[in-house]
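> With the sequence up front, the predicted model follows.
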Amino acid sequence: MTVNPKIPPNQLNDFIKKLELQALETAEERIPLYLKIGLKDAELILDIGCGSGMVTRDIAHLTKGKIIAIDGSEEMIKVAKKVLKMYKNVELRVGEAEDLTFEDNMFDIVTCNLLLMWAEDPQKVVNEMARVTKPGGTVLASLEPDYGGKLHYPEHQKVDPIFAGEAIRARGGDPHIGRKLRLLFVRAGLETIVGIGNTRIWSCKEDRAYYFHARDFYVKALNEAGLSQNDIDKWEYDYLRSLDEGVQLNFFPQFYAIGKKP
């Protein structure tokens, strides 16, 4: 069973907005990968863990092939149907990544985005992705972060460890999944290339804009980690001041893996 971050119903709309923001912010990393693996000419594509459908929408823009998109959450599939209602080449299904209900050697391309971090058994997920891919076809994990490689300066003794993985681990995710992609893909029998999609360091202006888009999630994570409101207010003041001064630097590695099935 795939683990998704547990979102209370009253926070679902905010979570969907966050997914949309993530899709927009990561498009410059993902779209070159889609083009590199020949998405445009693929006839049958499987998108696993499609969530709200924002990333699937990017895939649908780039191909005339048929896309089957699955997610373990019925609520997310309902949202995705609204997001993707204009795309006639997308079929949406509820399904689990660890137990795909497809035949062997079926798809030209099988892809996932920000899925393996939340999987109970990521090796089983990649094994399943490889199983349903045709010989000569491609498995792509387009974005899997590694919070252990997160760089942030000026540093903050209390807050940095929370955003460097503690908050993800507390929600059931693996904050170090990025560095494990090569192992997962090679053990699934795939000829593997691994890389980092985001090589550009954002400007302070970009970091500031992203912070205000996602501020509620930052504050919630700090609250859940046990910081007092005074600590949170002081951190936010110092962080925004460093952005205004133009001295803040953030780097957060987002790994990808491309696997060719022999």
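Everything's here; your move.

> Strands of the protein, start to end?
All strands of the chain, identified by DSSP state E, fall at 44-48, 66-71, 90-94, 107-112, 133-145, 151-153, 191-196, 249-251, 254-260.

> out of those strands, which comes closest to residue 175?
Smallest distance to residue 175 across the strands of the chain (CB to CB): 7.6 Å, for strand 133-145. Just so you know, the C-beta spots here come from the backbone N, C-alpha and C atoms, and that holds for glycine as well.

> how much does that closest one deviate in direction from strand 44-48?
40 degrees (axes from the mean of the first three to the mean of the last three CA atoms, to 10 degrees).

> and the angle from strand 133-145 to strand 107-112?
Angle, strand 133-145 to strand 107-112, by the same axes, to 10 degrees: 20 degrees.

> Show me what strand 133-145 is packed against.
Secondary-structure packing of strand 133-145 (3 or more CB pairs under 8 Å, 6 or more residues apart in numbering; DSSP states H and E): helix 12-36, strand 107-112, helix 122-131, helix 181-187, strand 254-260.

> Residue 50: which of these is closest?
With CB to CB as the measure, strand 107-112 is the member of the helices and strands packed on strand 133-145 nearest residue 50 (8.9 Å).

> mind checking how far the closest one is from the chain centre?
Chain-centre distance of strand 107-112: 16 Å, with CA atoms, centre = their mean, to the nearest Å.

> Give me the average confidence score over that strand.
Over the span of strand 107-112, the pLDDT mean works out to 98.

> Over to stretch 51-68?
The model assigns stretch 51-68 a mean pLDDT of 95.

> buried ones in that stretch?
51-60, 63, 65-68 (16 or more other CB atoms under 10 Å).

> What of stretch 123-143?
Those buried within stretch 123-143 under the rule 16+ other CB under 10 Å are 123, 125-134, 137-143.

> From one end of that stretch to the other, what's the distance?
16 Å (CA to CA, to the nearest Å).

> does residue 140 really touch residue 261, like I thought?
No. Applying CB atoms under 8 Å as the test, residue 140 and residue 261 come out as separate, 11.6 Å apart.

> Out of the helices and strands packed on strand 133-145, indicate the one that is most buried.
By mean neighbour count, with neighbours taken as mean count of other CB atoms under 10 Å, strand 107-112 ranks first of those at a mean of 26.

> Give me the residue at the spatial middle of this structure.
residue 114 (2.2 Å; CA atoms, centre = their mean).

> Contacts only, for the residue nearest to that one when sequence neighbours are not counted.
Computed as CB to CB, 6 or more residues apart in numbering, the closest residue to residue 114 that is not its neighbour in sequence is residue 143, at 5.5 Å. Neighbouring residues of residue 143 by CB atoms under 8 Å, 6 or more residues apart in numbering: 26, 29, 30, 113, 114, 197, 254, 255, 256.

> The third one and residue 161: what is the separation?
Read that as residue 30. Between residue 30 and residue 161 the distance, using CB to CB, to the nearest Å, works out to 29 Å.

> hang on, the earlier thing: I'd guessed the residue nearest to the centre of the chain sits against residue 30; true?
No. Taking contacts as CB under 8 Å, residue 114 lies outside contact range of residue 30: 10.3 Å.

> need the helices and strands packed on strand 133-145 in TSV with distance to residue 242, can you?
Converted to TSV, the helices and strands packed on strand 133-145 look like this (distance: least, CB to CB, whole Å):
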stretch	distance to residue 242
helix 12-36	21
strand 107-112	35
helix 122-131	35
helix 181-187	32
strand 254-260	23
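
> So which of those is nearest residue 241?
Here helix 12-36 is closest among the helices and strands packed on strand 133-145 (CB to CB), at 23.4 Å.

> Rounded mean pLDDT for that closest one, please.
78.

> now do stretch 206-217
Mean predicted lDDT for stretch 206-217 stands at 89.

> Next: stretch 86-104.
96.

> hmm, who's touching that stretch?
For stretch 86-104, using CB under 8 Å, 6+ apart, the contacting residues are 1-2, 46, 48-50, 53, 56-57, 60, 63-74, 77, 80-81, 84, 112, 115, 119-121, 124-125, 128-129, 131-132.

> measure residue 155 to residue 216 for me?
Taken as CB to CB, the span from residue 155 to residue 216 is 24 Å.
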